[in-house]
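Peer 1: from the sequence below, what's the structure:
(chains A and B)
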Amino acid sequence: MTDKPRLTALRLHKALHPIWKNDPGWKGRFTTVNNNDIGTMFILGATGMFLAGGILAMLIRAQLASPRSVFMGPEVYNQIFTMHGTIMMFLFAIPFFEALTVFLLPGMLGTRDLAFPRLSSYGFWCYMIGATIMILALVAGVAPDGGWFMYPPLSSSAFSPGINTDIWLLGISFIEISAIGAAVEVVVTVLRYRAVGMTLDRLPIFAWYMLVVAVMILTAFPPMILGSLILELERAFDMPFFQAEHGGDSLLWQHLFWLFGHPEVYIIFLPAAGVISMILPVMARTTLLGYGWVVAAAISLAVLSFGLWVHHMFTTGIPHMGLAFFSAVSTLVAVPTGVQIFAWIGTLWKGRPELHLPMLWILGFFVTFVMGGLTGVMVAMVPFDWQAHDTYFVVAHLHYVLIGGYVFPMIAAVYYWLPVLTGRKRFFRMGEVAFWLVMAGFHGTFLLLHWAGLLGMRRRIDSIEAGSGWEGINLLASISGFVLAIGFALVILDVAVNAFVAVRGRRNPWNAGTLEWATPIPGPAYNVASIPVVASRYPLHDNPGLPVQIARGEGFLGNPVRNRRETLAVSVARAEPEFIAVFPQNSIIPFAMAVVTSVMFMAPVWKWYGLMLASALGVTALAMCWAWQGGSRRDEGLLDAGRGVSLPPHTEVPCPPGWWGSLFLLLADGVLFGSLLFGYAFLWTVAPNWPPPAILEPGGLGPVLAAGGVVLACAGIRLADRAIRKAGVPWIRLGASLAGLAALGAAAWTVFGGTTHDAHAYDATLWVIAGYVVFHAGVAGLMVLFLMARIRAGYVSARRFGDARVVRLWIDYAALTAILGLGAAWLPGWLA
Amino acid sequence: MSDILRLSLPLTVWIAAFSAVYGLEGVVCSDRWTGAGLTLGQGRAALVAAGALAIALQLALLAGLRLPRFASALPWVQRTAAILAGVALVATVWSLVPVVATSLCL
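Peer 2: Presented below is the predicted three-dimensional model:
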């Protein structure tokens, strides 16, 4: 009786392991697409960046420990503080929670991997290559030096010649591919790849938080990517977006940057809040109080955070009413934050808390984050902000929020999920010592720096004067800073020692109720041997035997007869089985594509535009190879999914995973386009030297081409889609769609002919709008050609028409943005 | 997806309305407004009208989400959507109070 389940589970493991295992040897590191491998490498990479950013912080504190320090000159100091901020925000904070999510989410949701495993790999390699480039730039002395928010005109070519700024603009944009990719993955995974019965109200709370955060990434990052792109265009081709004398406005950068920058703070905080909402109930031996209220608070916080961006711009001369709008929302945002804090306190109140190490870090979070939140309300008040802006008060505030509100919970997360990550039980007890060192060091550093800020110490100064009154504070802050660094180093040492040499632990040592604890530890490559059925938020509490049932294959897809990587896709709200998703095998393409993409992004730093174009072609070719590998050349019909249920494969459903991925990618793309139109309207309304000296004449050809192109492209793909579903011949209809897209591109091209890119910000903006339309018409055109090739090769049939649906989505998007973009470009000419 | 829309729509409408009113304030305070022969009083009236429209939209959403026709099959989604619609209404009123309470274009 006791042996039989084990034997069955072992047999299933032996069947699943060869299907999901990595390639052997070092090659396997580059070809793996498995979430456990990618997550582990991601965690190690992000931890390395935390160390690098921490070392830079210590250099800053060494410089400021004494008056008139000669430890560093201003040129080096500028690079050091810029890279400290850049590394901590872009190369540590976001990648670390993404890493944790990549690792944990499939297990937590009871599925076998993230929705797009090759995208995980591509995102990771983009991150690693980009991060390496940034660090090499620092070592070579050409690191960015304009502050982590790169305000023009300081960052313009006139005031920042050289490649330092270009490395930031292009390098960070390249690294953001990783964030956008991870966000698409997370959204589609949480919505479609879950255990059966895991309805929206039974999602693990961390999954809710990550769903919210992923949507935030998709909507917050594009404005900054656009800002980086147009600042680089200004630096490289004199397109004057930020030059007042040519109709530009440096405030446009601040708007685009903070449209990203403020939500970014919540993008960093919310995963930490998700972690706390997972760990705290387990530590308190109870369940989360007010689950629905916490979800509502997370959603509220996420959306409200998009109404705060101007509170970073209170000193830029914006009218009082504008300031009042953003001051109001800045106070409002404290309410959902408070709801979460009180839900956590209530959870502690109703439970029986135990003071394990993760709990200690969460208590550290409570104290520190509440203090940081209160100073946040202070700087949300316009009169106070006018006094404290750009002083060390703000520096201290943001470190309270980011270290207290993010780093402490992440350390709690590492200790809490250490058994899942390593399979080992914590044995060495350095962690407690490290905690107290960090607490003493942190508050010793940053509590004092509030005071320095109130005494008028400006941020980013490379030297303090004797007699300024700041010397004693800075000396104490520097000593405390080194204590803090020692504490963090001990944490990393403690985790490393426990990960490598501690004794093997048992499954679910905390007696948690969520599914990531249902697998053997560390988890196998396939995560769950079968897809479980759940009936509550804490399935392991309902059914302690569930891990054994999963391992014995008693869930869905528990019999891997088709010998391929399969998981289950469910309906969004009710989590009912809908189709079987087939995952790709190990592949070198994501790594190769990341390398070629890095060349495409970095070649313009040295103005090697030929190389950039060549690598763009390389990326296109690799993307086509990538997409070609998916799908099937035969209709499979309904397949046995286990438990008496038959389902179609993902190739035979109207909206396959690629459609869902495209939908959310286009959401990000749409926000970028919206930001571009916002920039155009902003410049037209607010910037000096408008209206421009010459307005584009729309003429007749461009609008006719655009209107005809939209009709042909959209009608053609719809008719082709219908023909495919009736097993008809779609060539002429696809050809019509292709001709329509060409007409759209030609319509946009007329804008180039009627303007001069460097004459005025108006002309420059129209060039970017037209370029956007040409690019999207080109992408959609390539997709039509790709679809034609797929039809010829037998990948598309009356049952397998998902590819056509994906292409239709992209064509519709290209047509819509062409109408809006070209309409905006021609409107002033029509009205004149 | 309709349940996700139920949860996300009210606050999405809030951020759209908030951004639109802020944009309108930018237009009213720009040279283009007076250049078009419009007065600041008319600008204030336009802002108040936009604010009132935003509040009316939120009230309509709050009421609409309670109608059986638009109700979710999941009671939890129904409850949470109602909470979020309430949050969006409060956010709209609070964040747009400045259109009647502060000076314009100073």
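
Peer 1: show me what the longest helix belonging to chain B is packed against.
Peer 2: Taking DSSP state H as the criterion, chain B has its longest helix at helix B:2-28. Applying 3 or more C-beta pairs under 8 Å, 6 or more residues apart in numbering or on different chains; DSSP states H and E, we find helix B:2-28 packed against helix A:291-304, helix A:320-332, helix A:657-686, helix B:40-64, helix B:75-96. In this view, the C-beta of every residue, glycine as well, is placed from N, C-alpha and C.

Peer 1: hmm, the helix or strand hosting residue A:792 in reach of chain B?
Peer 2: Using DSSP states H and E, residue A:792 sits in helix A:761-793. No. On the criterion C-beta under 8 Å from any C-beta of the partner chain, helix A:761-793 is out of touch with chain B, staying 14.1 Å away.

Peer 1: excluding covalently adjacent residues, which one is nearest to the residue sitting nearest the centre point of chain B?
Peer 2: The centroid of chain B falls nearest to residue B:54 when counting by C-alpha atoms, centre = their mean (3.3 Å). Using C-beta to C-beta, 6 or more residues apart in numbering or on different chains and skipping residues adjacent in sequence, the residue nearest residue B:54 is residue B:17, 3.7 Å away.

Peer 1: confirm for me that that neighbour is in contact with residue B:52.
Peer 2: No. Counting by C-beta atoms under 8 Å, residue B:17 does not reach residue B:52; the two are 10.8 Å apart.

Peer 1: got the residues of chain A near chain B?
Peer 2: A:191, A:199-201, A:292-293, A:295-296, A:299-300, A:303-304, A:306-307, A:310, A:319-322, A:324-325, A:328-329, A:332, A:336, A:572-574, A:681-682, A:684-686.

Peer 1: return the members of those classed as buried.
Peer 2: A:191, A:199-201, A:293, A:295-296, A:299-300, A:303-304, A:306-307, A:310, A:319-322, A:324-325, A:328-329, A:332, A:336, A:572-573, A:682, A:684-686 (16 or more other C-beta atoms under 10 Å in any protein chain shown).

Peer 1: pLDDT score for the closest residue to residue B:1 other than its chain neighbours?
Peer 2: Spatial nearest neighbour of residue B:1, chain neighbours left out: residue A:572 (5.5 Å); criterion: C-beta to C-beta, 6+ apart. With respect to pLDDT, residue A:572 has a value of 95.

Peer 1: and if you look at residue A:711?
Peer 2: Taking residue A:711 on its own, its pLDDT is 98.

Peer 1: just residue A:308 next, same as before
Peer 2: 89.

Peer 1: what's the burial count for the residue nearest to it when sequence neighbours are not counted?
Peer 2: Closest residue to residue A:308 apart from its sequence neighbours, by C-beta to C-beta, 6+ apart: residue A:262 at 4.6 Å. Close neighbours of residue A:262, defined as other C-beta atoms under 10 Å in any protein chain shown, add up to 22.

Peer 1: next: residue A:679.
Peer 2: By other C-beta under 10 Å, the residues close to residue A:679 number 25.

Peer 1: go on, the one 10 residues further on?
Peer 2: Using other C-beta under 10 Å, residue A:689 is surrounded by 18 other residues.
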